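**Q** Give me the fold of what follows.
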Amino acid sequence: MSLRIIFAGTPEFSVPTLEALISSEHEVVGVYTQPDRPRGRGKKMQFTPIKEVAVAHNIPVYQPLSLRQEEAQQTLAALDADLMIVVAYGLILPEAVLNAPKYGCLNIHASLLPRWRGAAPIHRAIEAGDQETGVAIMQMDIGLDTGDVWSEAKIAITPEMTMIELHDALKSMGAKLLLETIPTVIAGEKSPEKQPEAGITYAEKISKEEAKLNWQEDHVTLMRKIHAFNPFPGAFTTVDGELLKFFKVALTEQKSTQSPGTIRVDGEQIYVVAGDQIELEVLELQAAGKRRMESALFVKGNEINQKVCQ
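**A** The predicted structure follows:
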């Protein structure tokens, strides 16, 4: 059964789902995304990743600042959609919008609900040391990620996994799971399951300030924070007053007698001492004003041996 679908999304995470819907038997009758905004060093106005896909496929694009106004709601209702799919859109959907499509609105959420409701579920899962996470297809209601769940898919979080690696895995999983779930939704033979009351946590939005590394923390905590904030906002420290960002590290069993935050260079390898006196091997980092690079390249142009991170 072919459906008329409205898609709402903004960042790269949303792209595989929109592309999957375009390639399916369904008709994407309209795409909602955040307004164009200045990005990059030149601060030039740029399309969102979702708008780029929609324009390339000649799908009408709508970019309201809000969906609370009656005029915006009437425009959406006029698309006469059977279903609305929402993936990291970034705007609150009022009840009038949730009820406009025949089958309501489905959301792809990047966690196993009710754990990590909110804005940054991928970051928070890694930061907390969760051993698994996943994606959930949720029937949206007026609450913050409180809707009933139609389906979910799980993935293990390995110690070396960074936010961007998990992000890329989940965005593909979500697209696949959605297409598998839509027939169940429209068949009307079963209902989604209510989220458990136990285990609710909230994934607060990431701030740049919290990405500052505290070298008194143990090596596992530091590794999780570094990987959780890769690539944004980038876990950072200062060395001789200059900003230094860490993007990827590896666990070692090497103990040190040096002060936490001390950097040791051994050939092409970089190590830094954590608060529990265990060294982390630094694999990718970035000095202020320079590009991100692997440690072997970094040591060729930067003298950091025995420097101390602040």
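**Q** any idea how the chain splits into domains?
**A** Listed by automatic domain parsing, the domain ranges of the chain are 4-203, 209-301.
**Q** Output these as JSON lines; include the columns mean pLDDT.
**A** Rendered in JSON lines, the data for the domains of the chain read as follows (pLDDT from 0 to 100):
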{"stretch": "domain 4-203", "mean pLDDT": "97"}
{"stretch": "domain 209-301", "mean pLDDT": "97"}
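**Q** I'd like those domains written out as TSV, with distance to Val308 added.
**A** The way it works is simple: take the backbone N, C-alpha and C, and place the C-beta from them, glycine included. As requested, the domains of the chain are exported to TSV (distance: least, Cβ to Cβ, whole Å):
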stretch	distance to Val308
domain 4-203	25
domain 209-301	5
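**Q** possible to save those domains as CSV with mean neighbour count and distance to Cys309?
**A** Supplementary listing: the domains of the chain in CSV, determined by neighbours: other Cβ atoms under 10 Å; distance: least, Cβ to Cβ, whole Å:
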stretch, mean neighbour count, distance to Cys309
domain 4-203, 18, 19
domain 209-301, 17, 4
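**Q** among those, which is nearest Gln310?
**A** Put simply, out of those the one that sits nearest Gln310 is domain 209-301, at 4.7 Å, with distance taken as Cβ to Cβ.
**Q** so what's the closest residue in space to Gln258 that isn't next to it in sequence up against?
**A** Of all residues beyond its chain neighbours, the one nearest Gln258 is Val273 (5.2 Å), with distances taken as Cβ to Cβ, 6 or more residues apart in numbering. Contacts for Val273 (Cβ atoms under 8 Å, 6 or more residues apart in numbering) come out as Trp215, Ser256, Gln258, Ser259, Pro260, Gly261, Thr262, Arg264, Glu279.
**Q** Please report the distance of the second one from Leu213.
**A** Translated: Ser256. When distance is defined by Cβ to Cβ, to the nearest Å, Ser256 is 17 Å away from Leu213.
**Q** cool, and the third one?
**A** Computed with Cβ to Cβ, the distance linking Gln258 and Leu213 is 16 Å.
**Q** try the fifth one
**A** The gap separating Pro260 from Leu213 is 10 Å, by Cβ to Cβ.
**Q** list the residues that contact both of these two?
**A** Residues touching both Pro260 and Leu213 (Cβ under 8 Å, 6+ apart): none.
**Q** and stretch 77-92, how far out from the chain's middle?
**A** Relative to its parent chain, stretch 77-92 has a centroid offset of 20 Å by Cα atoms, centre = their mean, to the nearest Å.
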